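A.B. asks: Need a 3D model of the following:
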Amino acid sequence: MINAEYTSEEYSRFKTVEHQKNLPAIPPEAKPDWSEVFTIEIRENNDRLLPLSLAEGQILVRPAYFSAGIEKALPDCYARDEIRKRLLVANSLLPKGLRLIILDAWRSKETQTALFTACSKALEKAYPDIEADKIVKMTEEFVAPPSLSSERPSPHATGGAVDLTIASVDGVPLHMGAPFDYPGPVSNTRYYEERVEKGERVTDLEQEALLNRRLLYDVMIKAGFVNYHGEWWHFEYGTQRWGFLKGIPHALYGPRIITLNTFEALVPCSSGNDITTLVTAGG
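C.D. replies: As a prediction, this is how the structure comes out:
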């Protein structure tokens with residue numbers, strides 16, 4: 001029962017902080033560039049893509065890009081079945097009263113292209129004196145280059161990447177210190193860890209963000225995911241980055257195309273590659 005001295009939000013925060021007292025700091029990790037990540041061979045295991053909203057009794061699905069009207073974004077979040085299973089494991093590791101909120105998983109190439117363009121334009125506006133080629137490099141720190149290449153796919157195009165956060169079951173999102181998709185240094189997973197390591201003073205709210213990031217990182221790593229160092233919200237399993245960071249010689253997932261139109265499933269993929277997947281609730 002919630003202590004009458006606490007509001008619902010304060011109680012969730014109290015329980016979270018109590019749990020986090022025993023959590024380790026987020027450790028430094030390798031920061032491979034795309035040329036290193038793409039050296040990992042892909043051996044597609046044909047794990048199927050599923051809508052994550054069917055597990056909404058445990059996790060909550062809120063497709064951010066569909067809500068924002070981004071081109072070809074879907075009204076659900078789709079991921080490989082193994083991702084689904086591991087998300088449920090991660091969710092079970094959270095303190096009572098908290099749950100994972102899934103913001104994005106599989107993306108179409110059109111959605112990836114729209115995001116890459118939007119991020120690039122935002123950085124151009126924020127840094128008008130920086131040359132175009134450097135803006136591209138900066139953009140790649142936050143949005144993967146759009147690709148359905150069988151050897152160099154965007155991580156989200158494989159169904160093996162997921163963007164997520166945590167909220168209380170009564171609707172209070174945990175403070176993470178930077179909004180989802182914010183293209184700035186504060187979004188780096190270890191941003192607050194590094195400030196503390198340097199002996200810099202952090203406010204109570206910043207300390208809260210540090211602890212909440214540790215919580216998300218902890219449950220996702222224990223469930224077998226790897227984090228992308230530039231984004232506190234981004235985790236992967238079965239992708240080329242996952243293989244690289246885990247020291248595994250091959251990835252499990254290559255690119256996939258989702259169609260929710262049954263009739264489109266009869267049309268061969270124009271690229272000649274068998275990468276079209278029909279996904280329905282009963283598929």
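
A.B. asks: neighbours of Arg43, just the number please.
C.D. replies: If you count neighbours by other Cβ atoms under 10 Å, Arg43 ends up with 12. Any C-beta I mention is one placed from the backbone N, CA and C, and that applies to glycine too.

A.B. asks: now the strands: where do they sit in this protein?
C.D. replies: For the chain, the strands defined by DSSP state E occupy 41-42, 49-51, 60-61, 78-80, 98-104, 161-168, 226-227, 234-236, 250-251, 257-259, 276-278.

A.B. asks: and Ser150, which of the ones you listed is closest to it?
C.D. replies: Closest approach to Ser150 among the strands of the chain (Cβ to Cβ): strand 41-42, 6.9 Å.

A.B. asks: Direction included, what does that closest one pair against?
C.D. replies: strand 250-251 (parallel) (DSSP bridges).

A.B. asks: outside of the partner strand, which residues touch it?
C.D. replies: Ile40, Glu41, Ile42, Arg43, Thr158, Gly160, Gly238, Thr239, Gln240, Trp242, Gly243 (Cβ atoms under 8 Å, 6 or more residues apart in numbering).

A.B. asks: nearest spatial neighbour of the fifth one, skipping sequence neighbours?
C.D. replies: What that stands for is Thr158. Tyr253 (3.9 Å; Cβ to Cβ, 6 or more residues apart in numbering).

A.B. asks: got a list of what the one you found touches?
C.D. replies: Counting by Cβ under 8 Å, 6+ apart, Tyr253 makes contact with Ile42, Glu44, Asn45, Asp47, Arg80, Thr158, Gly159, Gly160, Gly238, Thr239.

A.B. asks: try Glu236
C.D. replies: So Glu236 contacts Pro155, Gly160, Ala161, Val162, Phe225, Val226, Asn227, Tyr228, Trp242 (Cβ under 8 Å, 6+ apart).

A.B. asks: Widest-spaced pair of those?
C.D. replies: Gly160 and Asn227 (13.5 Å).

A.B. asks: okay, those two: which has more neighbours?
C.D. replies: Relative neighbour count places Gly160 above the other of Gly160 and Asn227, with 29 against 22, counting by other Cβ under 10 Å.

A.B. asks: What separation do you get for that one and Lys31?
C.D. replies: The gap separating Gly160 from Lys31 is 19 Å, by Cβ to Cβ, to the nearest Å.

A.B. asks: Same check on Glu194?
C.D. replies: Glu194 is 13 Å from Lys31, by Cβ to Cβ.

A.B. asks: Same check on Arg99?
C.D. replies: Distance, Arg99 to Lys31, by Cβ to Cβ: 30 Å.

A.B. asks: So for those two, which residue has more residues nearby?
C.D. replies: A count of neighbours by other Cβ under 10 Å puts Arg99 above the other of Arg99 and Lys31, at 17 against 12.

A.B. asks: residue contacts, the more buried one?
C.D. replies: Arg99 neighbours (Cβ under 8 Å, 6+ apart): Gln58, Ile59, Leu60, Asn91, Ile166, Ala167, Ser168, Val169.

A.B. asks: show me where pLDDT drops low in the stretch 151-283 of the chain?
C.D. replies: Residue ranges of the stretch 151-283 of the chain with pLDDT under 70: 261-283.

A.B. asks: ranges for the helices of it?
C.D. replies: With DSSP state H, counting those that start in this stretch as the criterion, the stretch 151-283 of the chain has helices at 191-197, 204-222, 240-246.

A.B. asks: Would you point to the one among these that's packed deepest?
C.D. replies: helix 240-246 (a mean of 22; mean count of other Cβ atoms under 10 Å).

A.B. asks: Does anything pack onto that one? Which helices or strands?
C.D. replies: For helix 240-246, the elements it packs on are helix 34-37, strand 226-227, strand 250-251, judged by 3 or more Cβ pairs under 8 Å, 6 or more residues apart in numbering; DSSP states H and E.

A.B. asks: Figure out how far the last one is from the centre of its chain.
C.D. replies: Yep, that's strand 250-251 we're talking about. Computed by Cα atoms, centre = their mean, to the nearest Å, the chain-centroid distance of strand 250-251 equals 19 Å.

A.B. asks: and if you look at the first one?
C.D. replies: Relative to its chain's centre, helix 34-37 lies at 19 Å (Cα atoms, centre = their mean).

A.B. asks: Give me the residues contacting it.
C.D. replies: Contacts for helix 34-37 (Cβ under 8 Å, 6+ apart): Glu140, Ala144, Pro145, Arg152, Gln240, Arg241, Phe244.
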